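> got a predicted model here, sequence first, then my questions.
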Amino acid sequence: MKNILLYVFLIIFVKNYSQSNGTNITDNLFIKEDTLTSVVNDLKNKINKSITTNNWKKQVVHLRSLSEIYSEDDDTPRALQTILEAIQVFEKNDSNKHGASIYMIASNNLEKIGAYKEAIIYRKKRYEWFIEKNKGLKKQYSAVDDIAKLYYKIKDYSKSRKYYHKALKISEQINFQHNIAHSNNNIGLTFLNIQKIDSAKVYFKKALILFKNNPKSTDLDSLMVGIVSGNLAECFFNKKEKDKAFSLLNTSIIFCRKYESYNNLVSAYLKLVKFYMILGDLDNAKKYNEFSQNVLNDTPNVSLQLKTYKNFISLYMKSVGNDKTDNFIKKYIGLNDSLYGPKIIEKITATKSVFQLDKINYELQLKQISINKKKVEIQKLKQEEKIMRLNNHLTIGIALLIIAFGVFGYLKIKNDQAKKAELQEIKDQLMKAELKNKKTENRELKGNLEDKDKELTNYAIEISENYQFTKNLKHELNELKKNGQGDSREYTTLLNKVNSQLGIENQLKEFQRKANIIHMNFNEKLAKVNNKLTKNDLYLCGLIRLNLSNKDIAILKNVTEKAVSMNKYRLKKKLLLPKEKDLGNFLKQL
């Protein structure tokens with residue numbers, strides 16, 4: 001086990017060292033592919049040995065170690081498969097150890113491939129395990145906070161807020177002021193993202209007071225004063241309260257510099273850029289965007305870098321500086337492709353497919369185990385029934401020698417009736433249990449459908465927003481080309497790249513495929529209303545049901561907004577709806 005941990009540590013060290021120095025030193029160390037194979041094989045042998053000796057605790061530990069090695073080697077499918085096997089063994093036997101770590105490893109790997117719903121399930125299992133095993137409020141706080149973060153990441157701010165409120169209650173129970181302040185700040189962020197500014201202000205101000213006045217204050221509390229100040233500043237992004245906004249943002253910058261929190265420093269600069277752009281002060285906006293770029297040159301962060309490039313494009317589009325605009329467009333497209341290009345999406349999709357197959361196999365195994373248990377129970381009942389029958393025959397024979405046939409017959413009838421009643425009672429109980437399970441499954445299916453609808457809506461809006469941004473970029477480039485500014489050949493090259501970004505056919509096909517799967521039962525109900533509806537009609541109904549705007553629908557169907565309006569009018573006629581009946585409400589109720 002020590003050798004495995006040492007190996008994992010060396011991998012992390014090599015990766016970090018290579019990234020910080022810009023060199024590849026892996027070939028200069030003794031850790032090579034054959035070493036990885038050797039460690040993996042050693043672990044597999046230990047797993048087989050623990051299975052043979054029926055030592056399930058060691059089996060779980062070795063499976064967890066193997067999953068961690070696969071994760072460090074970026075082999076997410078194997079890492080997932082291995083940790084799910086560990087969870088299967090663990091849940092069959094239960095223990096006071098390992099539950100938290102294996103659920104979190106599974107969740108982190110699922111998050112890597114974008115399977116956020118499943119990742120959240122395992123984070124919730126981790127939280128429930130802490131409660132069941134009475135592991136203490138600090139660990140429960142950490143688990144709830146991790147669930148809230150994942151909901152925040154997928155922009156489900158309502159559920160994120162719900163779990164941050166739980167985290168707040170737990171931190172108040174243990175009277176840990178840092179965590180109380182942290183939870184208030186996070187709740188404020190969920191309100192800020194849905195533009196509930198007054199509510200956001202309340203929670204940010206609470207957090208600021210708690211961080212400033214913490215009797216056990218640390219450097220982290222002081223840094224958080226700067227971060228929360230930056231968050232609160234966004235609540236005053238208007239001309240009337242601009243002085244408050246600038247004061248708070250300057251506080252944020254001072255604290256982030258002092259404690260060398262460079263990602264938060266970049267975030268503060270970008271907030272200043274945003275505010276100066278709102279005020280129309282492009283010179284200051286450029287100045288702080290350049291400050292942001294200088295920090296990122298030393299401490300790279302991909303998501304912050306994309307925002308900075310995007311700001312440069314917008315700023316230089318509005319002023320003279322076409323060469324710089326072209327340069328930042330190239331950089332933006334290159335970095336965006338490295339994150340969301342076809343190869344990356346293909347890799348993630350393949351990994352998701354592997355996970356889904358493993359999940360289906362795992363569920364089938366559980367169902368088979370359940371069926372086998374029921375078969376054993378039925379076999380036992382049959383065996384007991386046979387024994388009872390044999391006893392009855394013996395009793396009858398003895399009774400015939402002692403008492404009259406009539407008395408014996410009466411007793412036999414009574415006995416049989418009692419047995420039938422008992423069997424009937426068992427059957428009734430089984431039927432009730434089955435009915436209860438079906439109701440639970442129906443509730444889960446309904447919840448899953450709602451989650452899928454949310455995911456589909458978010459996916460549709462994301463396609464639409466990316467398409468609109470790229471389309472606007474193309475329009476700006478064409479305008480500049482018409483005005484004769486810059487090199488014409490360079491513009492042609494850039495326009496070709498931008499046009500390649502506008503090709504969303506594959507994304508649209510994937511969206512339509514998902515929509516058809518999720519809305520299968522919905523389509524069947526529509527067919528009952530009118531069995532002459534075309535595939536196009538059914539697809540349009542699904543998009544309307546997701547509460548998408550005409551603009552988003554037009555992009556997803558690759559038509560004009562006017563065509564969408566006409567299609568809605570014709571669809572309403574096909575469904576025989578009166579003029580006063582709202583089509584969207586009708587489809588949601590259906």
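Alright, I've got the coordinates.

> now do the helices in the stretch 251-400 of the chain.
With DSSP state H, counting those that start in this stretch, the ranges of helices along the stretch 251-400 of the chain come out as 262-279, 282-298, 302-317, 322-340, 342-402.

> so what's E172 closest to, chain neighbours aside?
Distance criterion C-beta to C-beta, 6 or more residues apart in numbering; nearest residue to E172, sequence neighbours excluded, is I180 at 5.9 Å. Every residue, glycine included, has its C-beta placed from N, CA and C.

> mean pLDDT for the helices of the stretch 251-400 of the chain: which is lowest?
Note on the helices of the stretch 251-400 of the chain: helix 342-402 shows the lowest mean pLDDT, a mean of 63.

> and the next helix or strand past that one?
helix 405-482 (DSSP states H and E).

> who does that next one touch, helix- and strand-wise?
helix 302-317, helix 322-340, helix 342-402, helix 488-502, helix 505-518, helix 550-557 (3 or more C-beta pairs under 8 Å, 6 or more residues apart in numbering; DSSP states H and E).

> switch to 6 Å and redo it
For helix 405-482, the helices and strands in contact under the criterion 3 or more C-beta pairs under 6 Å, 6 or more residues apart in numbering; DSSP states H and E are helix 488-502, helix 505-518, helix 550-557.

> and the gap between the most centrally placed residue in the chain and F130?
The chain has Y116 as the residue nearest its centroid, 1.9 Å off, counting by C-alpha atoms, centre = their mean. Using C-beta to C-beta, to the nearest Å, Y116 is found at 21 Å from F130.

> I figured K286 hits L315, correct?
Yes: between K286 and L315 there is a contact at 5.4 Å, judged by C-beta atoms under 6 Å.

> and L189, how many neighbours does it have?
Residues lying near L189 (other C-beta atoms under 10 Å) number 20.

> leaving out sequence neighbours, find the closest residue to it.
Nearest one to L189, counting by C-beta to C-beta, 6+ apart, is N231 at 6.4 Å.

> okay, now the one you found: neighbour count?
Number of residues near N231 (other C-beta under 10 Å) recorded here: 24.

> in which helix or strand would I find it?
Applying DSSP H and E, one finds N231 within helix 219-233.

> could you give the mean pLDDT of that helix?
For helix 219-233, mean pLDDT is 92.

> same deal with stretch 120-132?
Rounded mean pLDDT across stretch 120-132 is 92.

> buried residues in that stretch?
Buried positions in stretch 120-132, judged by neighbour count with 16 or more other C-beta atoms under 10 Å: 120-127, 129-130.

> let's see which of these end up in helices.
120-127, 129-130 (DSSP state H).

> got these as TSV, with distance to S303 columns?
Formatted as TSV, those follow (distance: C-beta to C-beta, whole Å):
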residue	distance to S303
I120	21
I121	26
Y122	24
R123	22
K124	26
K125	29
R126	26
Y127	27
W129	32
F130	31
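
> and those residues, which is closest to V295?
R123 (32.1 Å; C-beta to C-beta).

> how big is the angle separating the helix holding N231 from helix 262-279?
20 degrees (axes from the mean of the first three to the mean of the last three C-alpha atoms, to 10 degrees).

> now for the helix or strand harbouring K46, which elements pack on it?
According to DSSP H and E, K46 maps onto helix 33-52. Helices and strands touching helix 33-52, by 3+ C-beta pairs under 6 Å, 6+ apart, are helix 56-72.

> run the angle between the helix or strand following the helix it packs on and helix 33-52 for me.
Using DSSP H and E, the helix or strand that follows helix 56-72 in sequence is helix 76-93. Counting by the same axes, to 10 degrees, helix 76-93 lies at 20 degrees to helix 33-52.

> and helix 76-93, what other elements does it pack with?
Packing partners of helix 76-93 (3+ C-beta pairs under 6 Å, 6+ apart): helix 56-72, helix 99-112, helix 342-402.

> of the helices of the stretch 251-400 of the chain, which approaches K474 most closely?
Nearest of the helices of the stretch 251-400 of the chain to K474, taken as C-beta to C-beta: helix 322-340 at 10.5 Å.
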